[in-house]
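Student: requesting a structural model of the entry that follows:
(chains A and B)
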Amino acid sequence: MLDFSALEPPTLHSLPSSVEPHLFAAPSFQLPAVADLDGFQKAAVQMVKPAKGTTTLAFVFKHGVIVAADSRASMGNYISSQSVKKILEINPYLLGTMAGGAADCQFWQRNLGTRCRLHELANKRRISVTGASKLLANTLYSYRGMGLSMGTMIAGWDETGPGLYYVDSEGGRVKGTRFSVGSGSTYAYGVLDTGFNWDMSIDEAVELARRAIYHATFRDGASGGVVSVYYVGPAGWKKMSGDDVGELHYSYYPVQEAPAEAEMGEA
Amino acid sequence: MSITSYNGSALIAMVGKDCFAIASDRRLGVNFQTIACDFQRIFKIHDTLYIGLSGLATDVQTMHQRLQFRHKLYQLREERNMRPETFASLVSAILYEKRFGPYFCEPIIAGLNEDGTPFICTTDLIGAKQLSKDFVVSGTASESLYGACESMYKPDLGPDELFEVISQALLSSVDRDCISGWGGIVHVV
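Tutor: Down below sits the predicted model:
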């Protein structure tokens, strides 16, 4: 574990670490007591690798940030769930998306929520999106190579306006205005890039995100279920819609009545 | 990914009262990417004999062409249509010819005998025939399909009810499989 105590922001009231020390320290995990730790770690990494079957996207536009995702979890070819929450509510003004290992995303983003709240209490002001994403990225960097699998986007609104960062389990962290993550991301980019306009209204942006995820679920077998779209504005995030992709398909492409090839006659 | 789950498929055939139904999904994919939603897997051999082929799409098409060729020759020589059992033996023989370099497809054959009784059977990719009195399934979602058919099937269903049962079994199974679905087609004879 790397030592980042020097990077902790100087605080007015530094609480003694005797008070609830476990809240401040990053969670420490026991390593498995096996003879060949490296081999075991390699096998563990391979086990989680196939994940990332999903489509998530986020983009910044004039009025804020839109975050959207599908809801399918697949284990190989088997669909294990069609109702996974892939947009995680870290706090009322910060959202995180889930791609990769579900457990990893849920745990570390909840941990991020805890540390953001501690920052608020220690500094009497909300943490910035830059700060929140850096906290997460630093945590993930210290577990680099151990088999965590996460490709997450941190989106929020702070004093500088809308913020969007992509953070992954390799330790990467990039600021940007448009991201899509997951096996269906290329299909979503196609629709998103073509239809994007900085001056869109909120409704237009929500519809663009919904359409992009829908198209990704159509082409990608590992994405499906329900499209959730969230909007992050000055007052925090708001869930805008949750639509089943099967129903969206028929609303975008209504069935043309084809002439019946053979009528079913009476026996 | 395994070669039989490269394209994705789901097929069911069920027996009813003096009728049969055969259904398939319509998706053609390459691993996780969907290419088409109107791929034909069920082929008519003659008015009361249908074959459905699951597995690798290229082998589905090649098997269909070879079987259609053999049946047309049979029609010319014998001046009648093939009986379902005979056709099943033909399918089995053609598959076993390629025992050491098989076609990666698993057919299901459904037809009506001359006396009107329905006949269904399936074979594995090298031709082992398996007759059944109630239903047969094939494809990447086969485990799901077996479960759905087992719980939804009842003997001696009429054509309308058989259509409902086979459709619901197919739809609920492909909803749990990433690589099959995107439509369905049912033939009731």
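Student: wait, is A:Thr186 part of a helix?
Tutor: Yes - assessed by DSSP: H, G, I helix; E, B strand; the rest coil, A:Thr186 belongs to a helix.
Student: which residues touch it?
Tutor: For A:Thr186, the contact set (CB atoms under 8 Å, 6 or more residues apart in numbering or on different chains) comprises A:Ser180. Every residue, glycine included, has its C-beta placed from N, CA and C.
Student: low pLDDT regions in chain A?
Tutor: Low-confidence segments of chain A (pLDDT under 70): A:6-27, A:45-52, A:258-267.
Student: is the residue nearest the centre of chain B bridged to anything, and to what?
Tutor: Centroid-nearest residue in chain B: B:Gly52, 2.7 Å away (criterion: CA atoms, centre = their mean). Per DSSP bridges, the residues bridged to B:Gly52 are B:Ile42, B:Ile108.
Student: so it is in contact with B:Ser24, correct?
Tutor: Yes - look at B:Gly52 against B:Ser24 with CB atoms under 8 Å: they come within range, at 5.4 Å.
Student: which residues are in contact with both of those two?
Tutor: What both B:Gly52 and B:Ser24 touch, as defined by CB under 8 Å, 6+ apart, is the set B:Leu11, B:Arg41, B:Ile42.
Student: identify each buried residue in the longest helix anywhere in chain B, please.
Tutor: Secondary structure assigned by DSSP state H gives helix B:57-78 as the longest helix of chain B. Neighbour counts using 16 or more other CB atoms under 10 Å in any protein chain shown place B:Ala57, B:Asp59, B:Val60, B:Gln61, B:Met63, B:His64, B:Leu67, B:Arg70, B:His71, B:Tyr74 of helix B:57-78 among the buried residues.
Student: again, but for stretch A:91-111
Tutor: Within stretch A:91-111, the residues scored as buried using 16+ other CB under 10 Å are A:91, A:93-102, A:104-105, A:108-109, A:111.
Student: could you measure from A:Gly195 over to A:Ala58?
Tutor: Distance of A:Gly195 to A:Ala58, computed by CB to CB, to the nearest Å: 15 Å.
Student: still on that earlier bit, does any bit of the longest helix of chain B sit next to chain A?
Tutor: No - on the criterion CB under 8 Å from any CB of the partner chain, helix B:57-78 is out of touch with chain A, staying 14.8 Å away.
Student: for stretch B:116-133, C-alpha coordinates in CSV please.
Tutor: What follows is stretch B:116-133, C-alpha atoms only, in CSV (Å, rounded to 0.1, in the frame of the first residue of the first chain):
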residue,chain,number,x,y,z
GLY,B,116,-51.4,-38.2,-39.7
THR,B,117,-49.5,-38.9,-36.5
PRO,B,118,-46.8,-36.4,-35.7
PHE,B,119,-43.1,-37.3,-35.7
ILE,B,120,-40.2,-35.4,-34.1
CYS,B,121,-36.6,-36.2,-33.5
THR,B,122,-33.2,-34.6,-33.0
THR,B,123,-29.7,-35.7,-33.7
ASP,B,124,-26.4,-34.5,-32.3
LEU,B,125,-23.7,-33.1,-34.6
ILE,B,126,-22.4,-36.5,-35.7
GLY,B,127,-25.8,-38.1,-36.3
ALA,B,128,-27.0,-39.9,-33.2
LYS,B,129,-30.8,-40.0,-33.6
GLN,B,130,-33.0,-39.3,-30.6
LEU,B,131,-36.7,-39.8,-31.0
SER,B,132,-39.2,-38.1,-28.7
LYS,B,133,-42.9,-38.3,-28.0
